[in-house]
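[1] Here's my sequence, what's the structure:
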Amino acid sequence: MRGALGPLGPLVAGPEVSAADWLVALSDREPLVLDPAREAGWFGGTALVAVDPVASGKIAGCSGASLSAVGAVLQEAFDAIEPRLTVVLVPYSGDSAFAAFAGGLVGGEDGWRTWGTLQSDALPVPARASEPMPASGGPATALPLVSDASSDMDAAGFSAGVEEVREAVRCGDVYVLNLTRRLTARARLDPAETFRALVAGTPASMAAAWLRAEGWLASVSPERFVRLRDREVWIDPVKGTRPRGSDAVSDEAQRRDLEQSEKERAEHVMIVDLERNDLGRVCVPGSVAVDPLFRVESTVYCHQAVSRVSGLLRPECGIGDVLAATFPCGSVTGAPKIAAMRIIERLENSPRGAYTGSLLVAVPGSLDSSVLIRTLEGAGERVQYGTGCGITVDSDPASEWEESVLKTEPILGAVPSEAIKETCRVVDGGVPLWAYHRTRLQHGGCGEPLLAEVQRVALGEAARWGATHEADGRMSVVVMPQGTVSAAALRFSSSLDVAGGPLAVRVDVGDDMPAHRGLAKPANRACWDAAHRRAEALGAHQAILVDANGFVVDGSTAAVWIVERGELVTVPSPPAIASVSREFLRDAALAAGSKVRLDPISWERFESAEEAFLTNALGGCVAVRGRGGPASKLAASWFAEAWADAPTQS
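    Residues are numbered from 1 along each chain as shown. I've put the predicted structure just below:
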């Protein structure tokens, strides 16, 4: 990379100065900054700054002719002999922007040196951040970086979009489609400081920023688009995501869960096949290969699956031909690409803009580019940020919405493990079991007036759902440690809604379950979620978590009950998570004169019981497949009566 930019100048700053520090220092000179977090990033992990463009302009549209023009601009730098760098922002929708640079800075182990025409005496002294930025062990705690954020698609709208995509897959129109939404907000910092905070909290292999008079871009993308070196070309598609765990055990469980997920692998392979086909249009026949396939890599806030598709570019093909064959990247459209893009245009509520487009940078003999995800696009203080996920026929709307929320962590921050989450059934605009949810929130640490605010937000969202939907809803309420509250209702679904009853299997968790107070439901359920996916991988619908001593801890999404000599027995909390359905059923049973006991339950005892059933606040009571009886039927009727009665909202 250093050779591509000619002989380098003198050392002008030490390695303690970051690319983002230079961005701040040179923000009035329309700088471009590439700030890879590792060697797999930009140009083999080279930190790079370019300033004072010698030429710039726009290329209208994203048609084949436009991509040919983009290719010509980049090809000029690729073929140049003198030091030259050209950057082109090719948005998913809108006009492309380009700039050519003749000088800048290159970072190395010994520090920063000038390249090209930039003179060292023309440089300001870069200032480091005035306050220490968060370490790379997790998303920046100083976040959010924006305020007044609003989404062009709410949880209900996104859920409806997921259902439409699933129907399109069932009809054979597409195999997988990337459904996205846009957040608009106000930046709390200036563009350069925003990028410095972004890379401090979310370092990324393809992190980049470009400040222009017309607007700015700050990206912490983890995904490469096209890389071209001499005649070798490759693409690194990313598809498949899991959140990081709250500790080493749950984090490894999430990584392993992604690695073993048949659904995620199938979705990923579809995109890899699409990229193989795209590169096959411009590469020497027989040269296109995939290595590695479905490798799990970890970022600060998520695990993701990555592959590499590579080939040898045909002698008659140039950069314009490569772009015409591959843009936009298949991982952010779907497959087949053209059909997916038509459906995207119909379902999404606003133009994507730069989001899911590409930032392409060419220097003599080399081209690299990123897929513009995890990217802020700004004009002044107003910013836009896109988020989304791949949808297949097996997608669950609630899970896909949560994944889209996960991907906003670089700008909005993570939901802390200390946050509290309630999942409620909405019936006729109310929450029948709200009194129990409210009590659990109170026991979990929500006092007045926070509890009153939670109730206002939750019941307001329930009323909104009831006013616009005849069917029941599934509402998530999240209470952050600092006291902010959010609620979102989706189309109703329950893990217990399985024809014939859910099949439950034992999943051994040893002593790996995180400690909890047993007073509230934590927002971070990585261990429970991982156990649930392990059960699904075995063809079951529910995991019965069992500790190192052979005792039942909990169900993965439900409270576990057995019946012995007509008596209802359930696991106390802790080790089980405090359960709204457990408290409701306990009260209903005692009111009816039935006996209820909280008692540790061994696996052997669970298997030999007269009946076994599961309860949660969404699905009520459902017998484990083949394990029902009169007690579970009676318990189910009590929940049915609660759903049928006028909602309780106090």
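
[2] contacting residues for residue 211?
    23, 27, 30-31, 191-192 (C-beta atoms under 8 Å, 6 or more residues apart in numbering). Using the backbone N, CA and C atoms, a C-beta is placed for each residue, glycine as well.

[3] Repeat the analysis, applying 10 Å as the threshold.
    23, 26-33, 51, 190-192, 195, 217-218, 378 (C-beta atoms under 10 Å, 6 or more residues apart in numbering).

[4] Look up the residues forming beta bridges with it.
    Going by DSSP bridges, residue 211 is paired in beta bridges with residue 216.

[5] Residue 244 reaches residue 258, doesn't it?
    No - in this structure residue 244 lies outside contact range of residue 258 using C-beta atoms under 10 Å: 11.1 Å.

[6] returning to what we had before: filter the contacts of residue 211 to the buried ones?
    Among the contacts of residue 211, the ones that count as buried by 16 or more other C-beta atoms under 10 Å are 23, 26-27, 29-33, 51, 190-192, 195, 217-218, 378.

[7] Output the below-cut-off pLDDT ranges for the stretch 51-200 of the chain.
    Along the stretch 51-200 of the chain, segments meeting pLDDT under 70 span 62, 128-143.

[8] same thing but 50
    Low-confidence segments of the stretch 51-200 of the chain (pLDDT under 50): 130-142.

[9] just the stretch 401-550 of the chain next, same as before
    Looking at the stretch 401-550 of the chain by pLDDT under 50, you get an empty list.

[10] Now do the helices in it.
    Counting by DSSP state H, counting those that start in this stretch, one finds helices in the stretch 401-550 of the chain at the ranges 409-412, 434-443, 450-468, 526-537.

[11] Identify the contacts common to residue 244 and residue 258.
    With C-beta under 10 Å, 6+ apart, residue 244 and residue 258 have common neighbours 298, 302-303.

[12] For PyMOL, what selects the buried ones among the residues you listed?
    To isolate the buried members of the shared contacts of residue 244 and residue 258 in PyMOL, using 16+ other C-beta under 10 Å:
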select buried, resi 302+303
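
[13] Which member of the shared contacts of residue 244 and residue 258 is positioned nearest residue 398?
    residue 302 (17.8 Å; C-beta to C-beta).

[14] Please, where are all the strands along the stretch 551-650 of the chain?
    Assigned strands in the stretch 551-650 of the chain, in chain order: 552-555, 559-564, 567-570, 596-598, 611-616, 620-623 (criterion: DSSP state E, counting those that start in this stretch).

[15] Let's have those strands in JSON lines, adding mean neighbour count, mean pLDDT and distance to residue 605.
    Converted to JSON lines, those look like this (neighbours: other C-beta atoms under 10 Å; pLDDT from 0 to 100; distance: least, C-beta to C-beta, whole Å):
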{"stretch": "strand 552-555", "mean neighbour count": "25", "mean pLDDT": "90", "distance to residue 605": "8"}
{"stretch": "strand 559-564", "mean neighbour count": "24", "mean pLDDT": "93", "distance to residue 605": "7"}
{"stretch": "strand 567-570", "mean neighbour count": "20", "mean pLDDT": "93", "distance to residue 605": "8"}
{"stretch": "strand 596-598", "mean neighbour count": "14", "mean pLDDT": "90", "distance to residue 605": "12"}
{"stretch": "strand 611-616", "mean neighbour count": "25", "mean pLDDT": "93", "distance to residue 605": "10"}
{"stretch": "strand 620-623", "mean neighbour count": "25", "mean pLDDT": "93", "distance to residue 605": "17"}
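
[16] Chain neighbours aside, what residue packs nearest to residue 600?
    Of all residues not flanking residue 600 in the chain, residue 551 sits nearest, at 5.3 Å (C-beta to C-beta, 6 or more residues apart in numbering).

[17] which one of the helices of the stretch 401-550 of the chain lies closest to residue 325?
    helix 409-412 (30.3 Å).

[18] Now do the buried residues in the closest one.
    For helix 409-412, the neighbour count (16+ other C-beta under 10 Å) marks 409-412 as buried.

[19] hey, which of the helices of the stretch 401-550 of the chain is tucked in deepest?
    Stretch with highest mean neighbour count among those: helix 409-412 (a mean of 26; mean count of other C-beta atoms under 10 Å).

[20] outside of it, which residues touch it?
    Helix 409-412 has contacts (C-beta under 10 Å, 6+ apart) with 138-140, 143-146, 149, 183, 185, 187-188, 194, 197-199, 201-202, 204, 218-221, 243-244, 299-302, 373-376, 383, 385, 387, 405, 415.

[21] Domain parsing of this protein, as residue ranges.
    Per automatic domain parsing, the structural domains of the chain span 3-397, 415-491, 504-644.

[22] Among those domains, which comes closest to residue 498?
    Between residue 498 and the domains of the chain, the tightest spacing by C-beta to C-beta is seen for domain 504-644, at 5.0 Å.

[23] ends of the closest one, how far apart?
    28 Å (C-alpha to C-alpha, to the nearest Å).

[24] For that domain, what is the distance to the chain centroid?
    Taking C-alpha atoms, centre = their mean, to the nearest Å, one finds domain 504-644 lying 30 Å from the centre of the chain it belongs to.

[25] So for the chain, the centremost residue is which one?
    Closest residue to the average C-alpha location of the chain: residue 407 at 3.2 Å, with C-alpha atoms, centre = their mean.

[26] From residue 190, how far out is it?
    Computed as C-beta to C-beta, to the nearest Å, the residue 407 to residue 190 distance reads 24 Å.

[27] which ones are touching residue 14?
    110-112.

[28] Actually, residue 400.
    Contacts of residue 400 (C-beta under 10 Å, 6+ apart): 158-159, 161-162, 165, 179, 388-392, 490.

[29] okay if I get these as a markdown table plus distance to residue 106?
    Below are the contacts of residue 400 laid out as a markdown table (distance: C-beta to C-beta, whole Å):
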| residue | distance to residue 106 |
| --- | --- |
| 158 | 43 |
| 159 | 47 |
| 161 | 44 |
| 162 | 45 |
| 165 | 44 |
| 179 | 39 |
| 388 | 35 |
| 389 | 36 |
| 390 | 36 |
| 391 | 41 |
| 392 | 43 |
| 490 | 49 |
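
[30] From the residues you listed, pick the one nearest residue 13.
    residue 388 (38.5 Å).

[31] My read is that that closest one contacts residue 151, right?
    No - if you go by C-beta under 10 Å, residue 388 and residue 151 don't touch, sitting 11.1 Å apart.

[32] For the residue nearest to residue 629 when sequence neighbours are not counted, name its beta-bridge partners.
    Nearest residue to residue 629, sequence neighbours excluded (C-beta to C-beta, 6+ apart): residue 611, at 4.1 Å. As for beta bridges, residue 611 partners with residue 563 under DSSP bridges.

[33] tell me the contacts of residue 611?
    So residue 611 contacts 561-564, 566, 568, 623-624, 627-633, 635 (C-beta under 10 Å, 6+ apart).

[34] Tell me which two in those are the farthest apart.
    Applying C-beta to C-beta across the contacts of residue 611, the maximum distance is between 566 and 624, 17.9 Å.

[35] Show me which of those two is the more surrounded one.
    Neighbours were tallied for residue 566 and for residue 624 using other C-beta atoms under 10 Å; the higher tally belongs to residue 624 (25 against 12).

[36] Please tell me how far that one sits from residue 611.
    Note on residue 624: its distance to residue 611, by C-beta to C-beta, is 8 Å.

[37] same thing with residue 299?
    45 Å.

[38] cool, residue 392 as well?
    Taken as C-beta to C-beta, the span from residue 392 to residue 611 is 36 Å.

[39] how about residue 172, phi and psi?
    Main-chain torsions, residue 172, degrees, to the nearest 10: phi 80, psi 10.

[40] Fine by me, we can end here.
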